[in-house]
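Q: Quick one, fold the following:
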Amino acid sequence: GEGLTIEVANQLMKMYKDGTLKDLIDELNDDLNNKINYLKNREYYLTDICNAICDGVADDTEEIQKALDFVENTNKTLIFPRAKLIRVTRTLFVGSYTKINGNLSTLYLDNPNNTVSTLSSKSFNGGNWCRDIRIYDLGFQTNGVTGNGLGLARCSNVVLDGLFSYKLYWHLIDLAGCND
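A: Presented below is the predicted three-dimensional model:
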């Protein structure tokens, strides 16, 4: 008890006097800052990289596409605001090495003339293969007249988890020519 407390206090005082305590604290701070920066740099919050309003009324198509383009090929995660209805008026495209955490938000495709998907791979219309796409906890909704949720073609190493739909005219997920 008390003897150990005195021994620890004496050791800390010795380390303080010879500078090793400061060195140890600096080393721990550096390690902690490196870990914080690593975690910060692994993800982007949608509202930090674009001006999407995400209220279900405003057309967020261009802003969401900018964010998807921004994270493409970074292997970093784009995190949507929690449980929002996000209105888009045309198909959004996702490229290789893109991760999306939908955070239980829903992409709402509001375009009666659009007969394709709310979110598609850039390879959907014959482009280069898309690789390493991860999409989690994202919902899809259309106006009930036309449209799929997610359309992926010519993709490999795709992980989809926790996708959901409301009022889709066709499929939640439409895969063509994908592997892995």
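
Q: okay, CA-based contacts and neighbour counts for the rest of this
A: Noted.

Q: A83 - nearest residue in space that isn't next to it in sequence?
A: Spatial nearest neighbour of A83, chain neighbours left out: S105 (4.1 Å); criterion: CA to CA, 6 or more residues apart in numbering.

Q: so D174 touches N148, yeah?
A: Yes: here D174 reaches N148: they are 7.2 Å apart, a contact under CA atoms under 8 Å.

Q: next structured bit after the helix or strand hosting Q11?
A: Secondary structure assignment for Q11, by DSSP states H and E: helix 2-18. Using DSSP H and E, the next helix or strand after helix 2-18 towards the C-terminus is helix 20-40.

Q: Touching that following helix from outside, list them.
A: L12, M15, Y16 (CA atoms under 8 Å, 6 or more residues apart in numbering).

Q: gap between F140 and L107?
A: Using CA to CA, to the nearest Å, we find F140 at a distance of 5 Å from L107.

Q: shared neighbours, the two?
A: Joint contacts of F140 and L107 (CA under 8 Å, 6+ apart) are T118.

Q: How about Q65: what's its closest non-neighbour residue?
A: Q65 sits nearest to L92 (CA to CA, 6+ apart), 6.0 Å away.

Q: My read is that that neighbour contacts T118, right?
A: Yes: taking contacts as CA under 8 Å, L92 lies within contact range of T118: 6.1 Å.

Q: more neighbours, these two?
A: T118 (27 against 21; other CA atoms under 10 Å).

Q: Quick check: phi and psi on N73?
A: Dihedral pair for N73: phi 70, psi 10, per degrees, to the nearest 10.

Q: wait, D137
A: Residue torsions, per degrees, to the nearest 10, at D137 are phi 50, psi 50.

Q: ok, it touching G162?
A: Yes: assessed by CA under 8 Å, D137 is found in contact with G162 at 4.4 Å.

Q: of the two, who's got more company?
A: D137 (18 against 13).

Q: Now do the contacts for that one.
A: N101, G102, N103, L104, S105, D161, G162, L163, F164.

Q: List only those of those flagged as buried.
A: The neighbour-count test (16 or more other CA atoms under 10 Å) marks N101, G102, N103, L104, S105, L163, F164 as buried among these.

Q: The fourth one in helix, strand or coil?
A: Secondary structure state of L104, per DSSP: H, G, I helix; E, B strand; the rest coil, is strand.

Q: Contact partners for the residue positioned nearest the centre of the chain?
A: Residue closest to the average C-alpha location in the chain (CA atoms, centre = their mean): L78, at 2.5 Å. Counting by CA under 8 Å, 6+ apart, L78 makes contact with E43, Y44, Y45, L46, A67, L68, V71, T98, K99, I100, N101.
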